[in-house]
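In: Just to be clear, the model below is a prediction. Sequence and coordinates:
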Amino acid sequence: MKLLKTAPVSAWFGMIVILFYVVLMLFAPILAPFGETEIVAYEFEPWSETYLLGTDNLGRDMLSRLIYAARNTMGVALITTFLAFTVGGFMGLLAATLGGWVDQIFSRSIDVLMAIPSLIFALLLLTIFGTSLGNLIVVIALLDATRVYRLTRAVAMTIVVMDYVEAARLRGEGLLWQIRKEILPNIMAPLVAEFGLRFCFVFLMISALSFLGLGIQPPTADWGSMVRDNASLITFGDITPLLPAGAIALLTVAVNFVVDWMLHQSSGLKE
Amino acid sequence: MSHSKEKDNLLTIRGLRIEGKSGDHWNEIVHGVDLDLKRGEVLGLIGESGAGKSTIGLAAMGFTRDGCRISGGAIDFDGIDLVHATQKVRRGLRGHRIAYVAQSAAASFNPAHRLIDQYCESPIVHGVMSREQAETDAIDLYRRLHLPNPEEIGFRYPHQVSGGQLQRAMTAMAMASKPDLIIFDEPTTALDVTTQIEVLSAIRDVVRDFHTAAIYITHDLAVVAQMADRVKVLLKGEEVEEADTRSMLDDPKEDYTKSLWAVRSFHAEAKADISTQSTPVVSVSHVSAAYGKVPVLHDVSFDIHKGRTVAVVGESGSGKSTTARVITGLLAASDGEVRFNGHVMPTSYKQRSKDQLRQAQMIYQMADTALNPKQTIGEIIGRPVQFYLGLRGKARLERVRALLDEIELEPDLYINRLPSELSGGQKQRIGIARALAAEPEFIICDEVTSALDQLVAEGILKLLNKVQKDFGLAYMFITHDLATVRAIADEVVVMQHGKVVEAGPKDAMFTPPHHAYTDLLLSSIPEMDPDWLDKLLKQRGEA
């Protein structure tokens, strides 16, 4: 709480924006004037009092879809990031703590995965396994887990060589205790910061895949595909298709402001 | 202070105040210190860490560390006002008329350039001499500083010479422009005693030959006795007293100075000679070990009996800590065995039972890295209590409180603190409590006092001595400081190049005849006698 008082304006801005998105996410059915997939009018209605931001290419209310998309896109991104951190983080901790051949096998396999450009790899996997929501989450989580693995392993390595970890080993503590009590608490700061950053990358990846038609599938609303669906309006000088893109940009910037501040804090607290 | 006296001064500091920034506000760390230094004079600055020694030393160059500022007072160097001088004037003085020798030469040299290139940089930049002249000078200085092969040593890179040689090369560099003043900031603290002698005598000779004034900063009183004409004692940014070295040593006026002098007088009382026939708590027999393919230990054997302290001494790289790693099972011995109470231990700690692990505990050199910064004191000490003794809840808490009492820290005050909220000495006490919590029979103390100030170190030694008596513990005391050995050891094992050179009861070890290496080691410990270095060098010259 004390920390919040010293937060700079940029971090405050970021936190307020994130809070706003979270509210949208939680109360989408109450806030949205119309249903997510409800066709309420003709295609491409202009902005009016009934349809505040007009309608899309199928005559669905733009504002309602924007609000519901917050829920879909962010929800998927959040689950994916959690999954990536669970898998990558745990493997990284194991590799750093055990070392030896475990580290070698994990690190080399992950090097192979990282050698393939991630967007192309994701497109490939989704084409092979089909574009269901579950596949989307698993594929992106696995790709991002490789990055999380690298970071976790690197920061955990600096802790593993500390005398207090040696003391725990000599005491006869088990592997999980060492990881949970001695190592994890000391690498939380960089991991939390990375979580924020990773969330943005995952989020952008989902939007990019949706834009290409392989992400979240219609009729579910999501910002990436909303840009694509309404792209033709741009030729008429209408800025409506840019709104979902703006929503993506705003959230990314906000998360980065908060992450920057947190990284600054964690580096300052290092003793 | 008469006017004529100040006129003779090379450096005059009056009422110096320095502030350091912490968070948003400035804290004063040096509270009005005066200092006078004549040409060719050596002034010793001594005090504990945090006394402001280095800060004052740097201020003598008109320099403050990042986050510090000179907030008051005057610094006059040969008529130049360093507080108000422009950056350009000050930069012109540094490395030219005032030079600085840092504690760690290894960290101060650029590893990518040869020694002589770094030597020549400053005189050329200041336009004092040409490259050829600088090189000739360098070789002359290397010779004066007793460096081996003075003609060619300058053409090596920093990693190709030893620590003691590097420290002398750094002194040569400081002398390059024939400065009027050199500031030595703990130049021998990181060196072994045998190397320290060479550096001390080299520095002293060259400072005398060139009639250079010097400020010699150290926390080692015996070293200052050899080097300085006058000594100034500092405490928390204030001067305690100042006097000629001899009168300061013979007759200190202030209580604080006396307490500093008295630290070295601590001695654990001699223990009754318990029968050596009984089974030793720890027995190391014919142990050899290697890191990969590099052999580090050769046929090391010694026993440690109940209630006794065995000090293992030797220079860095002699295999002291490696022996400890073999005993704890962190490093598997390639040959030989380790026994606890007559039972052969598995070579790796992973194969040892909980009870075997409990018997041998360890206290580390750096309390900072030995305590998990995210756990409270209660958790740190409570874990071994729960893990080994199975105590939980209230019983565990009671035990932790008893242990805190044992190490003389008020339980209510400390049990919920984090390690970062403790001082260095207190952290080391927590390390002791954690080892005691396992109720061991044997504790390895790895250089436990070398990172602490003398007064604090003495407190730790007293505590270790007390708990040894209370619990009948056996200690293996790894150290390179022979004063500590004198204070606490019953038996001494001298190691060199991974071998035991000599072993025996302390009294026998400190009385001649010795093994040649033991003799070298013992005679190299600085004594509080200003003539000690002269006598020793004369003795060694004759031998």
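Out: Everything's here; your move. Numbering: from 1, shown residues only, chains lettered A, B, ... in the order given.
In: Report how far apart the opening and closing residues of stretch A:155-170 are.
Out: Stretch A:155-170 has an end-to-end distance of 22 Å (CA to CA, to the nearest Å).
In: and that stretch, anywhere near chain B?
Out: Yes. Interface with chain B: stretch A:155-170 contributes A:162-164, A:166-167, A:169-170 (CB under 8 Å from any CB of the partner chain). Using the backbone N, CA and C atoms, a C-beta is placed for each residue, glycine as well.
In: Would you check that residue A:65 makes contact with residue A:57?
Out: No. The criterion here is CB atoms under 8 Å, and residue A:65 misses it with residue A:57 at 11.0 Å.
In: who has more neighbours, the two?
Out: residue A:65 (31 against 15; other CB atoms under 10 Å in any protein chain shown).
In: Could you find the closest non-adjacent residue to the more buried one?
Out: residue A:221 (4.1 Å; CB to CB, 6 or more residues apart in numbering or on different chains).
In: about what we covered before: export the residues of stretch A:155-170 next to chain B to a markdown table and tack on pLDDT?
Out: Formatted as a markdown table, the residues of stretch A:155-170 next to chain B follow (pLDDT from 0 to 100):
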| residue | pLDDT |
| --- | --- |
| A:162 | 90 |
| A:163 | 91 |
| A:164 | 93 |
| A:166 | 92 |
| A:167 | 93 |
| A:169 | 91 |
| A:170 | 92 |
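In: Show me which positions of whatever helix or strand residue A:176 lives in end up buried.
Out: Using DSSP states H and E, residue A:176 maps to helix A:175-177. Using 16 or more other CB atoms under 10 Å in any protein chain shown as the test for burial, helix A:175-177 gives no buried residues.
In: How about the contacts made by residue B:168?
Out: B:142, B:145-147, B:198-199, B:202-203 (CB atoms under 8 Å, 6 or more residues apart in numbering or on different chains).
In: of these, closest to chain A?
Out: residue B:199 (29.8 Å; CB to the nearest CB).
In: Give me the neighbour count for the closest one.
Out: Neighbour tally, residue B:199, other CB under 10 Å: 23.
In: re the thing from before, how about the residues of stretch A:155-170 next to chain B, which pair is most distant?
Out: A:162 and A:170 (12.9 Å; CB to CB).
In: For residue A:36, which non-adjacent residue is closest in space?
Out: Going by CB to CB, 6+ apart, residue A:36 has residue A:68 as its nearest residue, at 4.2 Å.
In: was I right about the one you found contacting residue A:33?
Out: No. Judged on CB under 8 Å, residue A:68 makes no contact with residue A:33 at a distance of 11.3 Å.
In: between those two, who's got more neighbours?
Out: A count of neighbours by other CB under 10 Å puts residue A:68 above the other of residue A:68 and residue A:33, at 25 against 12.
In: Quickly find the element holding that one.
Out: Residue A:68 belongs to helix A:62-98, assigned by DSSP H and E.
In: near chain B, which residues of chain A show up?
Out: A:162-164, A:166-167, A:169-173, A:181-182, A:185-186, A:271.
In: out of the residues you listed, which are buried?
Out: Members of the residues of chain A next to chain B classed as buried by 16+ other CB under 10 Å are A:162-164, A:166-167, A:169-173, A:181-182, A:186.
In: Closest to residue B:253 out of the residues you listed?
Out: Closest to residue B:253, out of all of those and judged by CB to CB, is residue A:163, at 41.7 Å.
In: mind listing what the closest one touches?
Out: B:364, B:366, B:369-370.
In: From those, list the ones also adjacent to chain A.
Out: Answer for the contacts of residue A:163 near chain A (CB under 8 Å from any CB): B:364, B:366, B:369-370.
In: Give me the buried entries from the residues you listed.
Out: Buried among the ones next to chain A among the contacts of residue A:163 (16+ other CB under 10 Å): B:364, B:366, B:369-370.
In: Check the residues you listed and tell me the two furthest apart.
Out: B:364 and B:369 (7.2 Å).
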